[in-house]
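Q: Show me the folded form of this:
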Amino acid sequence: MDELRFCRALADEALLARLKTLVVQEQRHLAGVLASLGEVDRRRLFSPRGFESMFEYCVSELRYSEGAAYRRIHAARAARDFPEILSYLADGILSLSAVSLLAPHLTPENRADLLTRAQGKRKRELERMIAEFLPLPPPQADSIRYVAPASIQGGGAGGDAEGADHFDLGTSSVVPSATGGLPPSPGANPAAPAGQSRPSESGPPIQEDGPLLDRGGPASAARVRFSFTASETLLRAVERARELLRHKHPLARLEDIFCEVLLEYLSRHDPGRRLRRRRTRPRARAGGAASSRRVPQWVRDRVWERDQGRCSFRAADGRRCEARAWLEFDHVRPYALGGASDDPANVRLLCRAHKVLQ
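A: The predicted structure is shown next:
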């Protein structure tokens, strides 16, 4: 409020002069922020403080939005490799958005040309320049996006005849199924709604104990659109799964096929589900097995239950890592030094970053 009152009291020329001064300071501060982020990332200082990744540190500790964190991390890593970027940012020659767009494409060989040609260009011009400079761009990022029920033709999951999933191999041969859930690849039916990509790193983690998969019954109004580019190996696997599941899912919708396969996989391999099954039947008694480096299944189950399927690392300030992916069973006292594999007290869950730290 004080800032607003101060600005409103300024004369026109004074206000414009102050704004220009602040913008210059903002650009210089941005260069300093990116240099600091790059060095924190290089030293992996986020790890001892209980964060799985630099992205998680930026979002949770520095309070950046996911998009702001994504852009700054990309730009900071690019500036660490090509320090002249910091000068361009400080002088206002390049913007943060421009650097984050260029970052995945910069190499020691092309950096001078790309950075020079990018100066003064807007986002759309930059995208066009990158497309011309790199005629084979990387595949579109995977996308998982909530969509409003009204935006799905035929009323969401029930729109069997309205939309279609497509397999697009860059030819005129398209294999449809009767649903409107998945957006098309380039060259597929343009009538299908297009998805919106975002960095996969910024996606929220899936919790083991929540409703992992929703078949879109009447109680569920929320719908989610998935979009990704895959290999022909996956295409053949999906087509074969469709054949095998035709008796159960006559329409062979991709939603039904993927849901069926994923639920089957999770029923066999998800530790949380296995624990729930074990609670419904008597536990086998532990013991009797020879000492081994490999952690027995019954110990894994107890450790997973105790640590709640989450990295157990705690920082000096007591903050616990929130990672639920890339988890590994780690010996507190190493096996080579006499640590037991069949004692749950000597086994813990650690994410990959904190296992390396240990």
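
Q: which residues in the stretch 251-358 of the chain form helices?
A: Secondary structure of the stretch 251-358 of the chain (DSSP state H, counting those that start in this stretch): helices located at 254-269, 271-279, 297-307, 352-357.

Q: For the stretch 101-250 of the chain, which residues score under the pLDDT cut-off?
A: 134-144, 148-221 (pLDDT under 70).

Q: Which parts of the stretch 1-150 of the chain are strands?
A: 143-147 (DSSP state E, counting those that start in this stretch).

Q: Which stretches in it count as helices?
A: Assigned by DSSP H, counting those that start in this stretch, the helices in the stretch 1-150 of the chain fall at 2-9, 12-43, 54-60, 66-81, 84-90, 96-102, 111-118, 123-133.

Q: Contacts for stretch 110-125 next, please.
A: 82, 84-85, 88, 93-94, 97-98, 101-102, 105-106, 126, 129, 133 (Cβ atoms under 8 Å, 6 or more residues apart in numbering). For the C-beta atoms, the positions are set from N, CA and C on the backbone; glycine is no exception.

Q: May I see the buried residues of that stretch?
A: Neighbour-count burial for stretch 110-125 flags 111, 114-115, 117-118, 121 (criterion: 16 or more other Cβ atoms under 10 Å).

Q: same check, this time on stretch 73-82
A: So for stretch 73-82, counting by 16+ other Cβ under 10 Å, buried means 73-80, 82.

Q: what's the distance between that stretch and the middle of its chain?
A: Its chain's C-alpha centre and that of stretch 73-82 lie 19 Å apart, by Cα atoms, centre = their mean, to the nearest Å.

Q: try stretch 14-32
A: That offset, for stretch 14-32, works out to 33 Å (Cα atoms, centre = their mean).

Q: Could you do stretch 98-108 as well?
A: The chain centroid and the centroid of stretch 98-108 are separated by 20 Å under Cα atoms, centre = their mean.

Q: Can you give me the end-to-end span of it?
A: 18 Å (Cα to Cα, to the nearest Å).

Q: How about residues contacting it?
A: 70-72, 74-75, 77-79, 81-82, 85, 88-89, 114-115, 118, 121, 123, 126-127, 130, 133-134, 138.

Q: Then stretch 9-23?
A: Against stretch 9-23 from outside (Cβ under 8 Å, 6+ apart): 7, 92.

Q: Extract the C-alpha set from that stretch and format it as PDB.
A: Provided in PDB are the C-alpha atoms of stretch 9-23 (Å, rounded to 0.1, in the frame of the first residue of the first chain):
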ATOM      1  CA  ALA A   9       2.100  10.900  -5.700                       C
ATOM      2  CA  LEU A  10       4.800  11.000  -8.400                       C
ATOM      3  CA  ALA A  11       4.700  13.300 -11.400                       C
ATOM      4  CA  ASP A  12       4.500  11.500 -14.800                       C
ATOM      5  CA  GLU A  13       8.200  12.000 -15.700                       C
ATOM      6  CA  ALA A  14       9.400  11.000 -12.300                       C
ATOM      7  CA  LEU A  15       7.200   7.900 -12.400                       C
ATOM      8  CA  LEU A  16       8.600   6.800 -15.800                       C
ATOM      9  CA  ALA A  17      12.200   7.400 -14.600                       C
ATOM     10  CA  ARG A  18      11.600   5.400 -11.400                       C
ATOM     11  CA  LEU A  19      10.100   2.500 -13.400                       C
ATOM     12  CA  LYS A  20      13.100   2.400 -15.800                       C
ATOM     13  CA  THR A  21      15.500   2.400 -12.900                       C
ATOM     14  CA  LEU A  22      13.600  -0.400 -11.100                       C
ATOM     15  CA  VAL A  23      13.500  -2.500 -14.300                       C
END
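
Q: so Val299 touches Ser341, yeah?
A: Yes. Using Cβ atoms under 8 Å, Val299 is in contact with Ser341, at 7.0 Å.

Q: So which of the two has more stuff around it?
A: Val299 (20 against 17; other Cβ atoms under 10 Å).

Q: burial measure for Glu232, as a count.
A: The burial count for Glu232: 9, using other Cβ under 10 Å.

Q: nope, His331 is what I meant
A: By other Cβ under 10 Å, the residues close to His331 number 18.

Q: if I pick it, what's in contact with it?
A: Residues near His331 by Cβ under 8 Å, 6+ apart: 339, 341, 346-347.

Q: now that we have those residues, which one has the most neighbours?
A: Result: Val347 is most packed of the contacts of His331 (other Cβ under 10 Å), 25 neighbours.

Q: hey, what's that one bridged with?
A: His331 (DSSP bridges).

Q: Val332 is in contact with that one, correct?
A: Yes. At 7.1 Å, Val347 and Val332 qualify as touching, with contact defined as Cβ under 8 Å.

Q: Find the residue closest to Arg49 in space, skipping its chain neighbours.
A: Ala315 (4.7 Å; Cβ to Cβ, 6 or more residues apart in numbering).

Q: Ignore what I typed, I meant Ser267.
A: Arg273 (5.9 Å).

Q: Listing request: residues of the stretch 251-358 of the chain with sub-threshold pLDDT.
A: Low-confidence segments of the stretch 251-358 of the chain, defined by pLDDT under 70: 277-291.

Q: Any chance of a markdown table for the contacts of His331, columns distance to Thr21?
A: Listed next are the contacts of His331 as a markdown table, based on distance: Cβ to Cβ, whole Å:
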| residue | distance to Thr21 |
| --- | --- |
| Gly339 | 61 |
| Ser341 | 64 |
| Asn346 | 60 |
| Val347 | 58 |
